[in-house]
Every structure is written in C-alpha cells, then in structure tokens.
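[1] Okay, structure incoming, though there's no sequence with it:
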C-alpha cells in the first residue's frame, strides 16, 4: 500500500533531549531519597514514567502517590530547568516540510506529557508546523512505550491501517511499540542508541538531515 502518514516521536528524534531527560530523572529521584545514576537511567529513555519508576522504586507507580510526585518533579525540571539546553535535531524542520510537501499526514506519537510537548516543539523549532492537535502524548494513553498504546492511539486518530503508516523514532522502545501494531520504524542514531539496539528498524539514519539527504531512496518515497 502507498505510504499516507508518518508518526513522529519527538524526544531524541526531532529534539536532542534524551540526555536532559536522563539527568532530570536522576535529580527527580534524588529529591525523594532515591540514588539513581545517569548511566542507569539513560538506556531507558524513550520509556514513560509508568515503566521507569518501578525499575528504581519498586512498588511505586508513575500515576499515583510518591511515584507520581517523582514523575511530576522530572517534568518540572524539563519544563523549567532544562528547556534552555535543548537543541533541535539536525534537519528536523526541513524534513517535516519535505514530508508535508509530499502530501504525507504527520502526527506525533510520544511518551512525553502534554505539558512538555509545547516545550519540545519549540526546542525542535517546529512549533509553527505541528501542535497539540497533531499529537498523541502520555496524557492520551494508559501506558507508554514500549507498550503499543501511543502508536495504536495515533493509528486510531488517523483512521489508517498500519500498512499506510511509518514511524520516525530513535529508541528500541519506539521500534517495539510500533512493531506490536504492525508499523515499521525509520530510526535515527542521534538519540544515542547504536545500530545493534535499533535492530528491527526498517532503515537507520544518523539524524533527520541524513534521511532528508537520501529521501528519494528511503522508505518515505515508497
């Protein structure tokens, strides 16, 4: 079937934010008496709070009690402390414009919260191109990646079968989440994961600029 739509992860894919998220988790856990090292949480970035918090604070949930307080602290740190250090992924804006000019419908499928999304869109320099109306966030689903909920919700919003859709992502959790509902993922190395970790992607590029440079020979041209 002809490609009709592209699902967009944003953290690590369109904005270089994965290290900031890891540091925010370190500081958020520390504020509540948990010692979590950067190198422990960095490989988990791409998962939502519902998966990360139980790994370091067994028995807690990201949705209630102290677990939710930790998750909220991390979110506040991203919004208030780390937003000024976030940079756009190379070529992200240009790739968005290229996909739009080719008639592809774009929708964000992220584990980020709604509150974070506006910060991330500005950091990616695409807040004039995409908005909350074009997004599925953690606020719209019960479970985050690597569960299939974000991608399944995006497909439902698009009213399209998975065969007409591809996803741009940067983590193994994007690939796992999308794969559970039959959506292929084009992966970027700029999120900090290597090709072994991105095994299962239908194609791998360094960053959006790399995909843009090879656009006509990429899965987006199918």
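    Thanks, I have it. Being a predicted model, the structure only gives us computed values, none of them experimental.
[2] Tell me how many other residues crowd the closest residue to residue 2 other than its chain neighbours.
    Leaving out its chain neighbours, the residue that sits closest to residue 2 by CB to CB, 6 or more residues apart in numbering is residue 164, at 6.9 Å. Any C-beta I mention is one placed from the backbone N, CA and C, and that applies to glycine too. Each residue near residue 164 was counted by other CB atoms under 10 Å, and the total is 15.
[3] Residue 183 versus residue 164, what's the distance?
    10 Å (CB to CB, to the nearest Å).
[4] now swap in residue 48 and tell me
    18 Å.
[5] out of these two, which sits in the more crowded spot?
    More neighbours surround residue 183 than the other of residue 48 and residue 183, with 28 against 25 (other CB under 10 Å).
[6] Does residue 69 touch residue 29 like I think?
    No: in this structure, residue 69 is not within contact of residue 29 by CB atoms under 8 Å, at 10.9 Å.
[7] neighbour-wise, which of the two wins?
    Per other CB under 10 Å, whichever of residue 69 and residue 29 has more neighbours is residue 29, with 22 against 15.
[8] Contacts for the host helix or strand of the more buried one, please.
    Using DSSP states H and E, residue 29 maps to helix 18-31. For helix 18-31, contacts defined as CB atoms under 8 Å, 6 or more residues apart in numbering pick out 11-12, 35-38, 41-42, 45-46, 52, 56-57, 70-71, 73-74, 77-78, 81-82, 85-86, 170, 191-192.
[9] buried subset of those?
    11-12, 36, 41-42, 45-46, 52, 56-57, 70-71, 73-74, 77-78, 82, 86, 170, 191-192 (16 or more other CB atoms under 10 Å).
[10] Per the annotation, how does this protein divide into domains?
    5-17+87-221, 18-84 (automatic domain parsing).
[11] What separation is there between residue 200 and residue 52?
    Taking CB to CB, one finds residue 200 at 21 Å from residue 52.
[12] Now, the contacts of helix 18-31 that are in helices?
    Cross-referencing the contacts of helix 18-31 against helices under DSSP state H gives 38, 41, 52, 56, 70, 71, 73, 74, 77.
[13] Dump these into CSV; add pLDDT and distance to residue 90 as well.
    Converted to CSV, the ones in helices among the contacts of helix 18-31 look like this (pLDDT from 0 to 100; distance: CB to CB, whole Å):
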residue, pLDDT, distance to residue 90
38, 98, 24
41, 98, 25
52, 96, 27
56, 97, 32
70, 97, 32
71, 95, 30
73, 97, 31
74, 97, 26
77, 98, 25
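[14] Many thanks, I have nothing further to ask.
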